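Student: Below is the structure, and that's it, no one-letter string:
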């Protein structure tokens, strides 16, 4: 799989001066486009769109300083239809506009070409099971929060604190499926997993698809396959490390890819620094299921 990922990166590199066909990139990597974006983000530490913009602006920066092409020609070469759009992208990477950079010979920022190499990891075993689950509903309360990769997510914690006792009691009375009890669910709004990207954060319970509670929000989840990971360790660092390991170690070494859907987390107890027992549910499908569709 690592070889295919690097082949996909080679293809991306060859398309920096043209529109990238992400379906073709995913085909080269032998995964779905959705899974390629998520896997890249987990391995690279940045969303694919950010990497592409930085690589394009790295090459564009060299041409801006060289002075052989007009700024508009450089903009068009790297896929920008106007000088203004190009200038915004250029400034977001280099911290300076292209015109000023050319006039002053400014110091620019370079994004090196990326490749993935084998690092000896995975010495710790990961406990998981595969579950086929019928359609269900998450009933509870949701809030839009930014993603936080390390430490406490203050917005998510504030959402939990805002729940009144009556709402919690009502949720528990509606619970009727696995995972059992009050849990959290994260629904990603885009393919980005960058720090600060927004997601819908749910606190609720799993119920049957027909359950209605007018005073609570409801999230309908279709039938599908789930990889369930058991985890023990200090909260929240152990869970953040588990999520990273699932996408950087478990997926590349197993016959599954991630599919769209909420990630479910059941944790007891939820206290900073305390040893917790958790279940992380990730929606998955057999490798090649989407790519070959």
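Tutor: Noted; the coordinates are in hand. Model, not experiment: these values are computed from the prediction.
Student: what helix or strand is the residue lying closest to residue 213 once chain neighbours are set aside on?
Tutor: In this structure, residue 213 finds its nearest non-sequential neighbour in residue 139, 5.3 Å apart by CB to CB, 6 or more residues apart in numbering. To be clear about C-beta, it is placed using only N, CA and C from the backbone, and glycine gets the same treatment. For residue 139, the host element (DSSP states H and E) is strand 136-146.
Student: same check, this time on residue 277
Tutor: Assigned by DSSP H and E, residue 277 falls in strand 275-286.
Student: pLDDT weak spots in the protein?
Tutor: Applying pLDDT under 70 to the chain picks out residues 1, 117-125, 192, 269-273, 288-293.
Student: Name the nearest residue to the most centrally placed residue in it, sequence neighbours excluded.
Tutor: Centroid-nearest residue in the chain: residue 193, 3.2 Å away (criterion: CA atoms, centre = their mean). Here the nearest residue to residue 193 in space, its sequence neighbours aside, is residue 41; by CB to CB, 6+ apart that works out to 4.3 Å.
Student: How about residue 203?
Tutor: In space, residue 203 is closest to residue 140, 5.1 Å off (CB to CB, 6+ apart).
Student: residues in contact with the one you found?
Tutor: Contacts here follow CB atoms under 8 Å, 6 or more residues apart in numbering; on that basis residue 140 touches 167, 171, 182, 202, 203, 204, 205, 216, 217.
Student: So the first one sits against residue 141, correct?
Tutor: Right, the one you point to is residue 167. Yes - using CB atoms under 8 Å, residue 167 is in contact with residue 141, at 6.4 Å.
Student: Need the overlap of contacts for the two.
Tutor: residue 216.
Student: my read: residue 256 touches residue 283, true?
Tutor: No - if you go by CB under 8 Å, residue 256 and residue 283 don't touch, sitting 10.0 Å apart.
Student: what touches both of these two?
Tutor: By CB under 8 Å, 6+ apart, the residues touching both residue 256 and residue 283 are residue 225.
Student: and the residue nearest to residue 193, what element?
Tutor: Assigned by DSSP H and E, residue 41 falls in helix 33-44.
Student: which helices and strands sit right next to that helix?
Tutor: Where contact means 3 or more CB pairs under 8 Å, 6 or more residues apart in numbering; DSSP states H and E, helix 33-44 is packed against helix 2-14, helix 22-29, helix 48-66, strand 256-258.
Student: can you pull the contacts of the residue nearest to residue 193?
Tutor: Per CB under 8 Å, 6+ apart, neighbours of residue 41: 47, 48, 191, 192, 193, 194, 247.
Student: And for residue 116?
Tutor: 2, 5, 6, 9, 43.
Student: if you set the cut-off to 7 Å instead, what comes out?
Tutor: If you count contacts by CB atoms under 7 Å, 6 or more residues apart in numbering, residue 116 has them with 2, 5, 6, 43.
Student: what's the most distant pair in those residues?
Tutor: Checked with CB to CB, these reach their widest spread between 6 and 43, with 11.0 Å between them.
Student: Could you report the separation of residue 100 from residue 93?
Tutor: 14 Å (CB to CB, to the nearest Å).
Student: scratch that, residue 109 is what I was asking about
Tutor: Applying CB to CB to residue 109 and residue 93 gives a distance of 6 Å.
Student: okay, those two: which has more neighbours?
Tutor: residue 93 (20 against 12; other CB atoms under 10 Å).
Student: picking up where we left off before, most neighbours out of the contacts of residue 116, which is it?
Tutor: residue 5 (20 neighbours).
Student: surely it meets residue 31?
Tutor: No - here residue 5 lies out of contact with residue 31, judged by CB atoms under 7 Å, at a distance of 8.7 Å.
Student: Please pick the buried ones from the contacts of residue 140.
Tutor: Among the contacts of residue 140, those buried by neighbour count (16 or more other CB atoms under 10 Å) are 167, 171, 182, 202, 203, 204, 205, 216.
Student: Now do the contacts for the second one.
Tutor: Which is residue 171. Contacts of residue 171 (CB under 7 Å, 6+ apart): 139, 140, 182, 204, 205.
Student: quick revisit: the residue nearest to the centre of the chain in helix, strand or coil?
Tutor: coil (DSSP: H, G, I helix; E, B strand; the rest coil).
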